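Engineer: Got a predicted model here, sequence first, then my questions.
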Amino acid sequence: MIKLTNVNKVYGKGDSAVHALKDVNLELPSGKFISIVGKSGSGKSTLMNIVGALDSCTSGEVEIDGEVLNNKTSNQLADYRNKKIGYIFQSFYLEPTFTVLENVAMPMTIAGVNRKEREAKAMQAISDLNLLDKAKKKASELSGGQKQRVSIARALVFDPDIILADEPTGNLDSQNGQEVIALLQKICDSGKTVLLVTHNIDDARKTDIMVEIKDGVIANIIENDEATKKAAQHASDYDADGNLIEKSATSKNDSFEQEDIEIKVELAGNNDKQDVKTEKNISSLDVADKAQKVEE
Ligand SMILES: Nc1ncnc2c1ncn2[C@@H]1O[C@H](COP(=O)(O)OP(=O)(O)O)[C@@H](O)[C@H]1O
Ligand SMILES: [Mg+2]
């Protein structure tokens, strides 16, 4: 269970302070597909980042499956991120010059997993995501939909209990977006908790529980019944003009090419020497975090 008690998050100080989360109390059951919806700036990413231990709250308590995150040391938090959470982002955060295999294996490379084991695990995840024919291709050569599937494979390599997906369809066309939502449902069906941040209400209706956030306050929690989920699923079989969307397991729709964000990630241990001791507990997310910092 994800349990937040009186959680506040304030960015900055004094006149420029932003109160991003206000006395949030929330209990989310394990094994469900949960969406966080709300306008831009309402606090969705802040909430996600606090659950994922990418950021800490200003006050209050965060408890995940009985573990209280407050007061954990930075090493313990790194360990929590690595073992417990898989992260998926709108911008994928792949290293464009690396192959799909190298990208998916990256969290294990950083964690110091030996080459044989990490390649075997990465290839399994790549196979699960239907990307075997892309394993040796560079990430920059993939379509947007394929890139997001690579990042999903990377999120799964440590078999986390919780998947956090922050607007994962934001850079995708609707067909590839629907494929990602269907994949998240499948991941949830395999027993994991999936938290999806979206401002697409149709996608939110496909989840078990919708949490609406307004100006940092939890405004609504709505449980969708099976009929609502099915209806939302069916609706997305049609595009905005009412035409049936052609579906395929591996999308051939490569027309959408997101402009590659050139991310320079300082990677410890991306060669095969065992010089990764200092970065042992860093997860894919830290990679993304570093990438984001470079991007900013
Ligand atoms: N690092 C930060 N520093 C200062 N303000 C921030 C920071 N991150 C987010 N905010 C502010 O906190 C509020 C909530 O942001 P965010 O959680 O990113 O919203 P959402 O994901 O719903 O768009 C916004 O007003 C945003 O400008
Ligand atoms: Mg956000």
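Structural biologist: Ah, there it is. Ligands and ions are numbered 1, 2, ... in the order given.

Engineer: SS state for A232?
Structural biologist: Under DSSP: H, G, I helix; E, B strand; the rest coil, A232 falls in the helix class.

Engineer: how about the nearest residue to it, chain neighbours excluded?
Structural biologist: Of all residues beyond its chain neighbours, the one nearest A232 is R205 (3.6 Å), with distances taken as C-beta to C-beta, 6 or more residues apart in numbering. (Glycine included, C-beta is placed from N, CA and C.)

Engineer: Spit out the contact partners of that neighbour.
Structural biologist: For R205, the contact set (C-beta atoms under 8 Å, 6 or more residues apart in numbering) comprises N224, T228, K229, A231, A232.

Engineer: Spatially, which residue comes closest to the second one, not counting chain neighbours?
Structural biologist: Among residues not flanking T228 along the chain, R205 sits closest, at 5.7 Å (C-beta to C-beta, 6+ apart).

Engineer: Check the gap between that neighbour and ligand 2 for me.
Structural biologist: According to C-beta to the ion, to the nearest Å, R205 and ligand 2 sit 20 Å apart.

Engineer: What sits closest to the residue of the chain found nearest ligand 2 if chain neighbours are left out?
Structural biologist: In the chain, no residue comes nearer to ligand 2 than S45, which is 3.1 Å away by C-beta to the ion. What sits nearest to S45 in space, not counting adjacent residues and going by C-beta to C-beta, 6+ apart, is D166, at 5.6 Å.

Engineer: residues touching the residue nearest the centre of the chain, list them.
Structural biologist: The C-alpha lying nearest the average C-alpha coordinate of the chain belongs to I88 (C-alpha atoms, centre = their mean; 2.3 Å). Contacts here follow C-beta under 8 Å, 6+ apart; on that basis I88 touches Q148, S151, I152, A155, I163, L164, A165, D166, P168.

Engineer: Narrow the residues you listed to those in helices?
Structural biologist: Q148, S151, I152, A155 (DSSP state H).

Engineer: Does the closest residue to the first one other than its chain neighbours lie in a helix or a strand, and which?
Structural biologist: What that stands for is Q148. For Q148, ignoring the flanking residues on the chain, the nearest one in space by C-beta to C-beta, 6+ apart is V180 at 5.5 Å. Under the criterion of DSSP states H and E, V180 resides in helix 174-189.

Engineer: got the buried residues for that helix?
Structural biologist: 174-181, 183-185, 187-188 (16 or more other C-beta atoms under 10 Å).

Engineer: Which of the residues you listed sits closest to A111?
Structural biologist: Proximity of the buried residues of helix 174-189 to A111 (C-beta to C-beta) peaks at I187, which lies at 21.1 Å.

Engineer: I'd say the closest one and L164 touch.
Structural biologist: No - with contacts counted by C-beta atoms under 8 Å, I187 stays clear of L164, the gap being 11.5 Å.

Engineer: Mind listing the residues bridging to the spatially closest residue to S42 that is not a sequence neighbour?
Structural biologist: In space, S42 comes closest to I213 once its chain neighbours are excluded; the distance is 4.9 Å by C-beta to C-beta, 6+ apart. Under the criterion DSSP bridges, I213 forms beta bridges with I218.

Engineer: can you pull the pLDDT of I213?
Structural biologist: Here the pLDDT value assigned to I213 is 96.

Engineer: That one reaches G41, doesn't it?
Structural biologist: No - counting by C-beta under 8 Å, I213 does not reach G41; the two are 10.3 Å apart.
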